[in-house]
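J.: what's the 3D shape of this:
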Amino acid sequence: MTDKTIKRNDFIADSTTDRLMNVEEVAARIKCGPDTVRTLIRYGLLKAVKIKSRYRIRSFRFNQFLEELEGRDLYQIIEEAKKTVA
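T.: The predicted structure is shown next:
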């Protein structure tokens, strides 16, 4: 293993790179409404944890989501997800 190898535990332990964001923070970052973020979570497009009645999104997972969907229309992705569930 070289010095540049990143271990998975490095991401879990380092609170500066992996913190919990609430739905409103995510919505503000992607400039949409909180309901849109909840829809992304409901259709499995954005992974989240539920604490009591509120969702929390790991910043690491949010960044992963952005990378995977870069250049695509968010609302088109939601519509495609709805069709696969129906």
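
J.: Tell me which other helices or strands the helix ranked longest in the chain touches.
T.: If you go by DSSP state H, the chain has its longest helix at helix 74-85. Here helix 74-85 touches helix 34-42, going by 3 or more Cβ pairs under 8 Å, 6 or more residues apart in numbering; DSSP states H and E. (C-beta placed from N, C-alpha, C; glycine too.)

J.: now the next helix or strand after the helix it packs on: how far from the chain's centre is it?
T.: Sequence order places strand 49-51 as the next helix or strand after helix 34-42, per DSSP states H and E. Its chain's C-alpha centre lies 13 Å from the corresponding centre of strand 49-51 when counted by Cα atoms, centre = their mean, to the nearest Å.

J.: Provide the contact partners of strand 49-51 at residue level.
T.: 20, 55-58 (Cβ atoms under 8 Å, 6 or more residues apart in numbering).

J.: Just the pLDDT at residue 6, thanks.
T.: With respect to pLDDT, residue 6 has a value of 46.

J.: And for the one 4 residues further on?
T.: You'll see residue 10 listed with a pLDDT of 44.

J.: returning to that earlier point: quick one, the longest helix of the chain and helix 34-42 angle?
T.: 40 degrees (axes from the mean of the first three to the mean of the last three Cα atoms, to 10 degrees).
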